[in-house]
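Trainee: Return a 3D structure for these sequence lines:
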Amino acid sequence: MSYLYIKSLHLIFVITWFAGLFYIPRLFIYHIEALEKPSNQRDPVVKQLKLMANRLWFIITWPSAILATLFAVWLLVLNPGWLQAGWMHFKLGFVVLLFLYHFKNHQIYKQFQRDEIKWTSNQMRIWNEGATIILFAVVFLVITKSTEHWIYGTFGLIGLAVLLMLGIKLYKRIRKE
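Mentor: Here you go, the predicted structure:
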């Protein structure tokens with residue numbers, strides 16, 4: 001299989017993995033908010049959200065994470081010199097954070113399936129932005145292949161996080177009105 005096909009498959013599965021990581025916290029938010037409804041409205045919605053989360057998690061997100069990782073390893077086998085590049089060290093650091101985020105979502109998923117809700121919808125909205133911050137960092141590292149401007153990148157990520165938090169606060173204010 002040629003390098004470009006492997007790279008394309010890696011990118012496709014990274015995209016579908018992120019799609020799952022973006023959507024699963026949204027399902028958690030809907031689940032939390034459904035619990036505020038009367039039981040005749042709540043129960044069918046919660047049942048449907050659990051089914052949707054289950055399908056998303058085990059049919060899309062987990063397989064995508066595994067396949068993205070397998071194709072990434074294949075790319076590194078084909079290009080072992082990348083492991084000497086500073087930008088790749090930073091990228092792999094963010095990939096570790098992505099897996100930690102993924103595993104935490106798995107833990108939350110299992111809690112929601114058992115009706116053990118420990119989050120508020122606002123806390124989950126904030127949690128939902130974790131994948132966004134990691135995605136920005138990884139894309140900029142891969143495209144620029146540079147760690148020389150890591151200070152600017154750090155401030156950029158902090159700025160992005162601040163903007164996301166302000167957006168969440170604004171959304172909360174709008175919802176209350």
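
Trainee: Can you tell me which helix or strand of the chain has the lowest average pLDDT?
Mentor: When the helices and strands of the chain are scored by mean pLDDT, DSSP states H and E, helix 150-176 comes last with a mean of 76.

Trainee: what's the offset of that helix from the middle of its chain?
Mentor: Here helix 150-176 shows a centroid-to-chain-centroid distance of 16 Å under the convention CA atoms, centre = their mean, to the nearest Å.

Trainee: now do stretch 102-119
Mentor: Relative to the chain's own centre, stretch 102-119 is displaced by 15 Å; criterion: CA atoms, centre = their mean.

Trainee: After the lengthiest helix in the chain, which helix or strand is next?
Mentor: The residue-count maximum for a helix in the chain (DSSP state H) belongs to helix 3-34. Next along the chain after helix 3-34, taking DSSP states H and E as the criterion, comes helix 39-55.

Trainee: so how far is that following helix from its chain's centroid?
Mentor: 22 Å.

Trainee: Show me which positions of the very next helix or strand once past it end up buried.
Mentor: Per DSSP H and E, the first helix or strand lying C-terminal to helix 39-55 is helix 62-78. By neighbour count with 16 or more other CB atoms under 10 Å, helix 62-78 contains the buried residues Ser64, Ala65, Leu67, Ala68, Thr69, Phe71, Ala72, Trp74. Just so you know, the C-beta spots here come from the backbone N, C-alpha and C atoms, and that holds for glycine as well.

Trainee: mind listing what's buried in the longest helix of the chain?
Mentor: Buried residues in helix 3-34, counted by 16+ other CB under 10 Å: 6-7, 9-10, 13-14, 16-18, 20-21, 23-25, 27-32, 34.
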